[in-house]
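**Student:** Below is the sequence, then the predicted model.
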There are 2 protein chains.
Amino acid sequence: MSGWLAVAGLGPGAEALVTPEVTSALADATDVVGYGPYVARVATRAGLALHASDNRVELARARNALELAAAGRRVAVVSSGDPGVFAMASAVFEAVEGGPAGWRDLDIRVLPGITAMLAAAARAGAPLGHDFCAINLSDNLKPWAGIERRIRLAVEADFAVAFYNPRSIARPEGFGRALEILRGACGDARPVIFARAVSTPDEALRVVPLSEAEAGMADMLTVVIVGSSATRMVGRFVYTPRSACA
Amino acid sequence: MSGWLAVAGLGPGAEALVTPEVTSALADATDVVGYGPYVARVATRAGLALHASDNRVELARARNALELAAAGRRVAVVSSGDPGVFAMASAVFEAVEGGPAGWRDLDIRVLPGITAMLAAAARAGAPLGHDFCAINLSDNLKPWAGIERRIRLAVEADFAVAFYNPRSIARPEGFGRALEILRGACGDARPVIFARAVSTPDEALRVVPLSEAEAGMADMLTVVIVGSSATRMVGRFVYTPRSACA
């Protein structure tokens, strides 16, 4: 059996941000498994089976991919951005943990990608130039009270904060609540970056002071970066100096 | 004048982890500016001027690059990993802020790269699969008391924590102190990943429980990832489940 499973990060959208390592794994794969819009980013070719699935079925998708690899297929599980950041790599290892013992011996690799906050930060300047954290605002899998506590501590630690999955139609109120917490703790002037679909034709970048930030400025294609107390503007750029500290 | 300045991330080491966007910028550049070992990673060619400088002269290097771009040169400032994470992008914007007004109108772009913690996490499994933070342990530019406070709050928030620049000959004691804080707050079993020079021929990966972690396991080529309370092992892999919360 020569099967393998590569969990591959496709980056934020542009082909120019896909690593050669990922391109090569896709060229060697017999099967591509992932959420529909991400699978659609992979070029079709003879002999390549595409397995597109819906959102919110990550564990079932991971099991399917592991079954294929165990049967000798060369499987690329694709994620947007980096597969290790709020994406499929964790789901694959969760499936390994709950699956047949033989899955632990499979050839499993994670191939990193440009995660959304790095692409967004690059467009805006260098807001993550000093200590920062990444918080997933999706509350599908965790209670909101825990998210709120984490936001408060992140601000107390004076991290720049990148928020992933800030807002969806199903739960519009969470991000608004996060902005309220931030306004209470950070003052009005703190720069907030709304970066939507960076590196795609739909890219939109907006930088506003916290006092003007509104929940409606974000959707599920947006990553939001809130500066630390040291983050500032120079011309059109936002950056955090290297010496920033609480 | 058609000068520009691109702050480009070379990724952790392997050519296969350099984005096509960065490769293309290097091909178009007339000048490459950076810390010596990073400039040495760029292939030489006729018409390309290499400007290698020492460590710890980031601001002077950034000014030099901006002067070249203002004079019409096409300048790539290279960083290892991602240029926006504890690297040259912040130094460039700091130099813009303190420089001639005309520098604010220069064509400046930041080209993201695979930062060390993403490459390290991919090798280990998915330790950054849920909320996490990145802390630079270098105290060249900030007081240690502030770093210590940030570590304590990061643990209280139950982030997985990636430590950059954990240890150097010039300041060997900081990382040991960080490990003491972690041991007091996290218990003995917390997985700690020491990832050195990932994707290079010198790559070394070591995973130990916090009780066995020692400062000497890290050097300046190492990124250290400490799991959250939910991070666990499955076979040889370390991962943080998607549902983790404090």
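**Tutor:** In hand now; what should we look at?
**Student:** Name the SS class of residue A:151, please.
**Tutor:** helix (DSSP: H, G, I helix; E, B strand; the rest coil).
**Student:** How about the contacts made by residue A:44?
**Tutor:** residue A:50 (Cβ atoms under 8 Å, 6 or more residues apart in numbering or on different chains). Using the backbone N, CA and C atoms, a C-beta is placed for each residue, glycine as well.
**Student:** Span of stretch A:71-84 from start to end?
**Tutor:** 24 Å (Cα to Cα, to the nearest Å).
**Student:** phi, psi of the closest residue to residue A:195 other than its chain neighbours?
**Tutor:** Closest residue in space to residue A:195, ignoring its immediate chain neighbours: residue A:120 at 3.3 Å, by Cβ to Cβ, 6 or more residues apart in numbering or on different chains. Per-residue torsions, residue A:120: phi -70, psi -40 (degrees, to the nearest 10).
**Student:** what about residue A:120, distance to residue B:4?
**Tutor:** 21 Å (Cβ to Cβ, to the nearest Å).
**Student:** didn't residue A:30 look like it was pressed against residue A:45?
**Tutor:** No. Using Cβ atoms under 8 Å, residue A:30 is not in contact with residue A:45; the gap is 10.8 Å.
**Student:** how about the strands in chain A?
**Tutor:** A:4-9, A:31-35, A:49-53, A:74-79, A:107-111, A:125-126, A:132-136, A:160-164, A:191-196, A:204-209, A:222-226, A:232-234, A:237-239 (DSSP state E).
**Student:** Please identify the most buried of these.
**Tutor:** Ranked by mean neighbour count under mean count of other Cβ atoms under 10 Å in any protein chain shown, those are led by strand A:125-126, which reaches a mean of 30.
**Student:** so how far is it from its chain's centroid?
**Tutor:** In terms of Cα atoms, centre = their mean, to the nearest Å, the gap separating the centre of strand A:125-126 from the centre of its chain is 18 Å.
**Student:** Excluding chain neighbours, give the residue nearest to residue A:107 in space.
**Tutor:** residue A:4 (4.0 Å).
**Student:** now the one you found, which residues is it bridged with?
**Tutor:** Residue A:4 forms beta bridges with residue A:74, residue A:107, as assigned by DSSP bridges.
**Student:** wait, it sits on residue A:111?
**Tutor:** No. Using Cβ under 8 Å, residue A:4 is not in contact with residue A:111, being 11.4 Å away.
**Student:** just the helices in chain A please.
**Tutor:** Secondary structure of chain A by DSSP state H: the helices cover A:20-28, A:36-39, A:58-70, A:88-98, A:116-124, A:144-156, A:173-186.
**Student:** can you tell if the third one touches chain B?
**Tutor:** Yes. Figure legend: helix A:58-70 in contact with chain B (Cβ under 8 Å from any Cβ of the partner chain); contacting residues residue A:58.
**Student:** Now do stretch A:8-24: distance from first to last residue.
**Tutor:** First-to-last residue span, stretch A:8-24, Cα to Cα: 10 Å.
**Student:** who's in contact with it?
**Tutor:** A:25-26, A:38, A:41-42, A:76-84, A:87, A:111-116, A:119-120, A:197-200, A:203, B:11, B:14-21, B:24, B:112, B:114.
**Student:** Now that stretch: buried residues?
**Tutor:** Of the residues in stretch A:8-24, A:8-14, A:17-19, A:21-23 count as buried by neighbour count, 16 or more other Cβ atoms under 10 Å in any protein chain shown.
**Student:** TSV for those residues, including pLDDT?
**Tutor:** Below are the buried residues of stretch A:8-24 laid out as TSV (pLDDT from 0 to 100):
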residue	pLDDT
A:8	98
A:9	98
A:10	98
A:11	98
A:12	98
A:13	98
A:14	98
A:17	98
A:18	98
A:19	98
A:21	98
A:22	98
A:23	98
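**Student:** and these, which two are the farthest apart?
**Tutor:** Using Cβ to Cβ, those span at most 17.9 Å, a distance reached by A:13 and A:21.
**Student:** Skipping adjacent residues, who's closest to residue A:95 in space?
**Tutor:** residue A:62 (3.8 Å).
**Student:** Just the pLDDT for the one you found.
**Tutor:** The model reports residue A:62 with a pLDDT of 98.
**Student:** quick one: contacts for it?
**Tutor:** So residue A:62 contacts A:77, A:88, A:91, A:92, A:94, A:95 (Cβ under 8 Å, 6+ apart).
**Student:** what about it, distance to residue A:179?
**Tutor:** From residue A:62 to residue A:179 the distance is 33 Å (Cβ to Cβ).
**Student:** which stretches of chain A aren't confidently modelled?
**Tutor:** Counting by pLDDT under 70, chain A shows low-confidence ranges at A:1, A:139-142, A:168-171, A:244-246.
**Student:** do that again at 50, thanks
**Tutor:** Scanning chain A for pLDDT under 50 picks out A:245-246.
**Student:** Just confirm residue A:221 contacts residue A:202, I think it does.
**Tutor:** Yes. Residue A:221 lies in contact with residue A:202 (Cβ under 8 Å); the separation is 7.4 Å.
**Student:** just to revisit the earlier point, and residue A:30 and residue A:45? Which one has more around it.
**Tutor:** residue A:30 (16 against 8; other Cβ atoms under 10 Å in any protein chain shown).
**Student:** Relative to residue A:74, how far out is the more buried one?
**Tutor:** Distance of residue A:30 to residue A:74, given as Cβ to Cβ: 5 Å.
**Student:** got it, and residue A:203?
**Tutor:** Taken as Cβ to Cβ, the span from residue A:203 to residue A:74 is 33 Å.
**Student:** before we move on, what about residue A:41?
**Tutor:** 19 Å.
**Student:** Present the contacts of residue A:62 as a markdown table; the columns should include distance to residue B:154.
**Tutor:** What follows is the contacts of residue A:62, written out as a markdown table (distance: Cβ to Cβ, whole Å):
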| residue | distance to residue B:154 |
| --- | --- |
| A:77 | 30 |
| A:88 | 25 |
| A:91 | 25 |
| A:92 | 26 |
| A:94 | 24 |
| A:95 | 29 |
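**Student:** Quick check: the farthest pair among those?
**Tutor:** Once Cβ to Cβ is applied, the contacts of residue A:62 give A:77 and A:94 as the farthest pair, at 12.8 Å.
**Student:** which residues does the closest residue in space to residue A:28 that isn't next to it in sequence contact?
**Tutor:** In this structure, residue A:28 finds its nearest non-sequential neighbour in residue A:74, 5.9 Å apart by Cβ to Cβ, 6+ apart. Counting by Cβ under 8 Å, 6+ apart, residue A:74 touches A:2, A:3, A:4, A:28, A:29, A:30, A:31.
**Student:** mind running it again at 6 Å?
**Tutor:** Shown in contact with residue A:74 (Cβ atoms under 6 Å, 6 or more residues apart in numbering or on different chains): A:4, A:28, A:29, A:30.
**Student:** Quick check: phi and psi at the third one.
**Tutor:** Here is the backbone geometry of residue A:29 (degrees, to the nearest 10): phi -80, psi 150.
**Student:** List the contacts of it.
**Tutor:** Counted by Cβ under 6 Å, 6+ apart, residue A:29 has contacts A:74, A:76.
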